[in-house]
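**Q** Structure here, sequence nowhere to be found:
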DNA sequence: TTGAGGCTTTCAACA
DNA sequence: AAAGCCTCAA
């Protein structure tokens, strides 16, 4: 029973209340995750519940992994069988397993927002609507918004949600979009949830199978669930009634994704005799931090007032630094970290830098690098969003689902095969007139007239790869197959021929991708390509908690990404009007309240110290903006906040200088090795393990290598590998190292390799 | 008809 | 960084 040892009375009660509906209102820092994991452990260890009878969902992949790890650290390997996922991945699991009950095939493709926009763009073109005037992304988000609504699921007419400034027939576009997804055997993120609801409603067999399988339900971040998620939980738990939801209305920050706060507010009405437990003791932050957080959040009108009891001492005041510009801000952050590391016993992993938008991260990266501070970026430009990775994934998507026209047109001329717009239009036109899909037109060679040879080549490539694919996983490994895609498609060859810094970087990324598949197949030896594709479609921001703790890095991320995490020292940056609160939110009271909740989430991540920073001027793509401090700062009473000042001598480059306002281009690095530095920083996004500083190369003056053939090594980017060949002497030692099934050649002198024993 | 090169535009958070 | 548009050569 020592599971309960370190819990307070309310926490204990929440852990022990296993039967029947339970709502846990858990304020920030109140030990919510602890309660959930201990509750799961209690079910398994003390109540003899089978791990696979437990269904737990949370909001992000990161949180789900973290939860699973924590459960396993209490109950051991048995915890691995607990079903812990995000709502979306749970939906994919359910649809793959039970979808046939409502006529769904299991090889459906998942479309992300980019894919959605592609579909919409094609529709707009076919309807002769100018897609430059009406952005596909605007339409996509409107469609998502509508599909998230309660009325949509209940089959109501939602055309009144269409804004009247749409000078075209939105509903027609919407219908064609739905039709297009259906024809392509594809689902968007909304569909995953919606179809799951349909399944649960229409198939009693499937529902009762699931209710037999899962008897205890736990829903984390309940305040951020949307209507379909609410229904999924409701149907699944309708038999056992053992549903425990956890949430905090003050931390609801996803209404833009359809989250409906009513779900948590109405829990008592939805579930009779629901037990409600409030966790209001905060164990995380010192009182100075909590008082400031409270001062901000109490300006919201739409909230339940609640107590937060500071368990820890008074601590330090919140500090506010107004820098002259964003360089000054980043300098302040870096200098503060450096001096805190000196003065107090803090290390890199104790610091986190939060910002409202990903674009703000670049200057922090620059300064951290300059100061030699190792950092990692969570989120940001997603590895899977890179063109080369999306291309290879598109091959996989198309190979597993020939109806997927979005992927087909992405790859048909990638690499260039002489299949331009004219030919592609012919294919589309013929497919439409014959009522067949586009691949059939190509595969059956139905086009008449002048046909580029490349189209035939493409057909051959696909046919041959499809034949190969049949041997997975028995005769062929998934990773080998993907390697084969990159070879047979000519993708690798065309990058090789280009032989620029950029194309070489792309090849590295592709190899890294293959290596990650190698790792994936170690974990999932029976996985089919279909399964793999569906898994990674949901896993956009790979975040590996194990890796996180291994590395001693400063963490950079958006506030949204910070939800659920805690750090001893937090920097909440860009505290300016129109930055945070974001400029798109300042005109709506509801949006502003959500920004304020976001601010509350940001402040309450801090355990010991929090620094708010803002700038007087900030560059935007439009030029230089003069900024006012965020209203959230003025909401904190003066006696709770210490003011600092920082001037930066760093001059802001003019537009004409080598600097683009996006802050992406390699031009933003002034040194000749800028590109490599950039690559190094990308490692952090990709691998999570990498450290930003390039380690000093082993300056080996004697003629032999410090490595031996067959030795196991760790590369910051490619992970663990094995030395297979050593060539050259002195400064010219070349090492060939195999990672999974790929091999890479490195100059020993320039490569930060770590020996593994 | 295609593709390369040059120029411009894009600009919120996430599954 | 990536995509769209334009022009021009093949």
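**A** Structure received. Keep in mind that what you see is a predicted model, and the values were worked out from it rather than measured.

**Q** so where is the stretch 601-750 of chain A shaky, pLDDT-wise?
**A** Regions of the stretch 601-750 of chain A meeting the criterion pLDDT under 70 cover residues A:621-622, A:645-704, A:716-717, A:731, A:741, A:749-750.

**Q** Let me see the ranges of the strands in it.
**A** Taking DSSP state E, counting those that start in this stretch to define them, one finds strands in the stretch 601-750 of chain A at A:606-615, A:617-620, A:623-626, A:641-646, A:712-715, A:719-727, A:734-739, A:742-747.

**Q** what helices or strands is the longest one leaning on?
**A** Using 3 or more Cβ pairs under 8 Å, 6 or more residues apart in numbering; DSSP states H and E as the contact criterion, the elements in contact with strand A:606-615 are helix A:287-297, strand A:318-323, helix A:326-343, strand A:567-572. In this view, the C-beta of every residue, glycine as well, is placed from N, C-alpha and C.

**Q** What strand or helix carries residue A:230?
**A** Taking DSSP states H and E as the criterion, residue A:230 maps to helix A:227-237.

**Q** The helix or strand that that helix is followed by packs against which elements?
**A** Beyond helix A:227-237 on the C-terminal side, the first helix or strand identified by DSSP H and E is strand A:243-247. Counting by 3+ Cβ pairs under 8 Å, 6+ apart, the packing neighbours recorded for strand A:243-247 are strand A:22-26, helix A:32-45, strand A:216-219, helix A:227-237.

**Q** Between helix A:32-45 and strand A:243-247, find me the angle.
**A** Angular relation of strand A:243-247 and helix A:32-45 on a 0 to 180 degree scale: 160 degrees, by axes from the mean of the first three to the mean of the last three Cα atoms, to 10 degrees.

**Q** Show me what counts as buried in strand A:243-247.
**A** Judged by neighbour count using 16 or more other Cβ atoms under 10 Å, the buried positions of strand A:243-247 are A:243-247.

**Q** Between those, which sits nearest DNA strand C?
**A** Using Cβ to the nearest atom of the strand, the shortest approach to DNA strand C within the buried residues of strand A:243-247 belongs to residue A:247, at 36.2 Å.

**Q** Please tell me how far the closest one sits from residue A:253.
**A** 12 Å (Cβ to Cβ, to the nearest Å).

**Q** Return every residue with contacts to both of these two.
**A** Here residue A:247 and residue A:253 have residue A:224 as joint contacts, going by Cβ atoms under 8 Å, 6 or more residues apart in numbering.

**Q** what ranges do the strands span in the stretch 151-300 of chain A?
**A** In the stretch 151-300 of chain A, the segments counted as strands under DSSP E, counting those that start in this stretch are A:186-188, A:216-219, A:243-247, A:275-279, A:281-282.

**Q** hmm, the second one touching DNA strand B?
**A** No: with Cβ under 7 Å from any atom of the strand as the measure, strand A:216-219 is seen stopping short of DNA strand B, the closest distance being 14.4 Å.

**Q** in its sheet, what does that strand sit against?
**A** strand A:54-58 (parallel), strand A:243-247 (parallel) (DSSP bridges).

**Q** do the same with the last one
**A** Partner strands for strand A:281-282, per DSSP bridges, with pairing direction: strand A:309-310 (parallel).

**Q** quick one: contacts of the partner strand?
**A** Taking Cβ under 8 Å, 6+ apart as the criterion, the residues outside strand A:309-310 that touch it are A:280-282, A:285-287, A:290-291.

**Q** Quick one: distance of it to the chain centre.
**A** Offset of strand A:309-310 from its chain centre (Cα atoms, centre = their mean, to the nearest Å): 32 Å.

**Q** now swap in stretch A:524-541 and tell me
**A** Per Cα atoms, centre = their mean, the displacement of stretch A:524-541 from the mean C-alpha position of its chain is 15 Å.

**Q** buried residues in that stretch?
**A** By neighbour count, and taking 16+ other Cβ under 10 Å as the criterion, the buried residues in stretch A:524-541 are A:527-538, A:541.

**Q** Report the contact partners of the residue nearest to residue A:20 when sequence neighbours are not counted.
**A** Spatially, and ignoring its direct neighbours in sequence, residue A:20 is nearest to residue A:241 (5.7 Å; Cβ to Cβ, 6 or more residues apart in numbering). Taking Cβ under 8 Å, 6+ apart as the contact definition, residue A:241 lies against A:20-21, A:271.

**Q** Quick check: the gap between residue A:241 and residue A:228.
**A** 20 Å.

**Q** try residue A:292
**A** With Cβ to Cβ as the criterion, residue A:292 and residue A:228 are 36 Å apart.

**Q** Kindly report the same for residue A:410.
**A** If you measure residue A:410 against residue A:228 using Cβ to Cβ, the figure is 29 Å.

**Q** Tell me if I'm right that residue A:229 and residue A:87 touch.
**A** Yes: distance between residue A:229 and residue A:87: 4.9 Å, which falls inside the contact criterion (Cβ atoms under 8 Å).

**Q** on that earlier part again, neighbour-wise, which of the contacts of residue A:241 leads?
**A** The most neighbours of any of those, using other Cβ atoms under 10 Å, belong to residue A:21, which has 21 neighbours.

**Q** Would you agree that one is in contact with residue A:238?
**A** No: if you go by Cβ under 8 Å, residue A:21 and residue A:238 don't touch, sitting 10.9 Å apart.

**Q** quick revisit: identify whichever of the helices and strands packed on strand A:606-615 lies nearest to DNA strand C.
**A** Closest to DNA strand C of the helices and strands packed on strand A:606-615, according to Cβ to the nearest atom of the strand: helix A:326-343, at 18.6 Å.

**Q** any residue of the closest one up close to DNA strand B?
**A** No: with Cβ under 7 Å from any atom of the strand as the measure, helix A:326-343 is seen stopping short of DNA strand B, the closest distance being 13.6 Å.

**Q** what helix or strand does the closest residue to DNA strand C within the stretch 401-550 of chain A sit in?
**A** Closest approach between the stretch 401-550 of chain A and DNA strand C, counting by Cβ to the nearest atom of the strand: residue A:502, at 7.1 Å. The secondary structure element spanning residue A:502 is helix A:501-523 (assigned by DSSP H and E).

**Q** Return the closest of the buried residues of stretch A:524-541 with respect to residue A:122.
**A** Of all those, residue A:537 has the smallest distance to residue A:122: 20.1 Å, by Cβ to Cβ.

**Q** need the contact list for the nearest residue to that closest one once chain neighbours are set aside.
**A** In space, and not counting its chain neighbours, residue A:537 is closest to residue A:110: 3.8 Å by Cβ to Cβ, 6+ apart. With contacts taken as Cβ under 8 Å, 6+ apart, residue A:110 has the following neighbours: A:92, A:186-189, A:192, A:533-534, A:537-538.

**Q** how much space between residue A:174 and residue A:5?
**A** Using Cβ to Cβ, which is the criterion applied here, residue A:174 is 55 Å from residue A:5.

**Q** Looking at those two, which is more packed in?
**A** Relative neighbour count places residue A:174 above the other of residue A:174 and residue A:5, with 20 against 7, counting by other Cβ under 10 Å.

**Q** Does the nearest residue to that one once chain neighbours are set aside lie in a helix or a strand, and which?
**A** Once its chain neighbours are removed from consideration, residue A:174 has its nearest residue in residue A:143; the separation is 5.8 Å (Cβ to Cβ, 6+ apart). Assignment of secondary structure by DSSP H and E places residue A:143 within helix A:136-148.
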